[in-house]
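[1] Here is my input, please return the structure:
(one chain, ligands or ions: 1)
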Amino acid sequence: MIRVTGLDIIFGKGTPLEKRALRGVDLTVPDHQFVSVIGSNGAGKSTLLAAIAGDVLPETGKIEIGGQDVSRLPTAIRAAKVARVFQDPLAGSCGRLTIEENLAIAAARGRRRGLGLAISRSRRDLFRQRLAELGLGLENRLDDQMALLSGGQRQALALVMATLSDADVLLLDEHTAALDPAMAEFVLDLTRRVVGERKVATLMVTHSMRQALDLGDRTVMLHEGKIILDVAGDERASLDVEDLIHMFRKVRGQDIDDDSLLIE
Ligand SMILES: Nc1ncnc2c1ncn2[C@@H]1O[C@H](COP(=O)(O)OP(=O)(O)OP(=O)(O)O)[C@@H](O)[C@H]1O
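    Below you'll find the model as predicted:
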């Protein structure tokens with residue numbers, strides 16, 4: 001579970017460029033819940049994920065993961081609890097290492113084991129099995145360098161890596177935005193499957209209103225560092241993109257910037 005309470009994040013405090021990116025954000029995500037996060041440019045979506053991962057520390061407020069207060073813990077210490085997939089397919093894995101080595105590092109995250117032990121035969125079988133489930137033929141390429149894979153293959157791998165760890169939290173930051181439409185659809189389907197199986201507390205940032213309603217079981221909209229909409233259950237199920245736009249306008253009294261929020 002993730003519990004964020006009264007979270008304020010300020011960049012460049014005391015400088016002319018001071019920016020209050022999050023303002024008193026409260027958000028609790030239970031273990032099984034998949035939350036899509038939407039909002040226009042600069043709304044604070046990535047900052048929220050970065051704060052949960054530990055890349056930025058709160059000015060005020062608290063972040064708890066699995067019941068532990070991690071507010072002041074650095075990213076490296078939180079890594080065992082937090083799995084992430086970034087927009088840039090190159091960011092989540094090491095191109096110079098093999099597929100197997102990348103998977104072994106992911107599997108060893110948060111565990112007191114060396115890489116050597118991590119690459120045992122049974123582990124290799126597990127990796128093969130997980131890769132075979134993707135249907136991309138990667139189970140036969142364990143010794144290939146990660147750099148040889150396409151962006152979509154790397155994102156799919158990043159999701160598999162996320163499931164190999166015992167993380168309590170999965171953070172997806174526009175993880176399909178850099179992919180071509182067919183690959184993006186594949187990775188989104190995989191995301192649904194992975195989150196469904198792992199039942200991990202998941203936050204997915206997207207610019208697509210359609211994705212925000214189609215994936216997961218709750219949609220949160222951020223604007224200027226605040227949560228302005230939070231819908232789940234029957235209310236969410238009955239919404240379409242037009243409703244979401246209408247709700248945004250009602251709350252903010254302004255038009256959505258169509259350049260930053262994709263209607264479809
Ligand atoms: N490292 C930083 N230093 C200074 N300001 C920052 C930093 N990171 C983000 N900001 C500012 O904080 C605000 C929120 O940024 P953030 O990246 O979280 O928005 P976002 O909702 O993810 O936007 P986008 O959809 O454009 O990625 C923006 O005004 C941004 O310019």
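[2] all strands for the stretch 101-250 of the chain, in order.
    Using DSSP state E, counting those that start in this stretch, the strands assigned to the stretch 101-250 of the chain run over residues 169-173, 201-205, 218-223, 226-232.
[3] can you give me the helices for this protein?
    Along the chain, the segments classed as helices by DSSP state H run 45-53, 75-78, 99-108, 115-118, 121-134, 151-164, 181-198, 209-214, 233-237, 241-252.
[4] The ones you listed: lowest mean pLDDT?
    In terms of average pLDDT, helix 115-118 trails the rest of the helices of the chain, at a mean of 50.
[5] where are the low-confidence patches of the stretch 1-150 of the chain?
    Within the stretch 1-150 of the chain, the segments meeting pLDDT under 70 span 110-119.
[6] Get me the contact residues on the stretch 1-150 of the chain for the ligand.
    Residues of the stretch 1-150 of the chain lying near the ligand by CB under 6 Å from any ligand atom: 11, 12, 19, 21, 39, 41, 42, 43, 44, 45, 46, 47. (Each C-beta comes from the backbone N, C-alpha and C, glycine too.)
[7] looking at it, the fourth one is touching residue 45, isn't it?
    No: using CB atoms under 8 Å as the test, residue 21 is too far from residue 45 to be in contact (9.8 Å).
[8] Now for the residues of the stretch 1-150 of the chain next to the ligand: which two are most distant?
    12 and 39 (20.8 Å; CB to CB).
[9] Those two: which is more packed in?
    Set residue 12 next to residue 39 and count neighbours by other CB atoms under 10 Å: residue 39 wins out with 27 against 9.
[10] How much space separates the more buried one from residue 245?
    Applying CB to CB, to the nearest Å, the value for residue 39 to residue 245 is 13 Å.
[11] For the closest residue in space to residue 92 that isn't next to it in sequence, list the residues it contacts.
    Spatial nearest neighbour of residue 92, chain neighbours left out: residue 158 (3.9 Å); criterion: CB to CB, 6 or more residues apart in numbering. Shown in contact with residue 158 (CB atoms under 8 Å, 6 or more residues apart in numbering): 85, 86, 89, 92, 93, 175.
[12] same thing with residue 39?
    45, 221, 222, 223, 261.
[13] Any chance of a markdown table for those residues, columns distance to residue 29?
    Putting the contacts of residue 39 into a markdown table (distance: CB to CB, whole Å) gives the following:
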| residue | distance to residue 29 |
| --- | --- |
| 45 | 14 |
| 221 | 15 |
| 222 | 14 |
| 223 | 19 |
| 261 | 22 |
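[14] could I get the residues you listed as JSON lines with distance to residue 146 and neighbour count?
    Output for the contacts of residue 39, formatted as JSON lines (distance: CB to CB, whole Å; neighbours: other CB atoms under 10 Å):
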{"residue": "45", "distance to residue 146": "27", "neighbour count": "25"}
{"residue": "221", "distance to residue 146": "35", "neighbour count": "25"}
{"residue": "222", "distance to residue 146": "33", "neighbour count": "25"}
{"residue": "223", "distance to residue 146": "37", "neighbour count": "19"}
{"residue": "261", "distance to residue 146": "33", "neighbour count": "22"}
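[15] need the contact list for residue 233.
    Applying CB under 8 Å, 6+ apart, we find residue 233 in contact with residue 217.
[16] how close does residue 95 get to the ligand?
    24 Å (CB to the nearest ligand atom, to the nearest Å).
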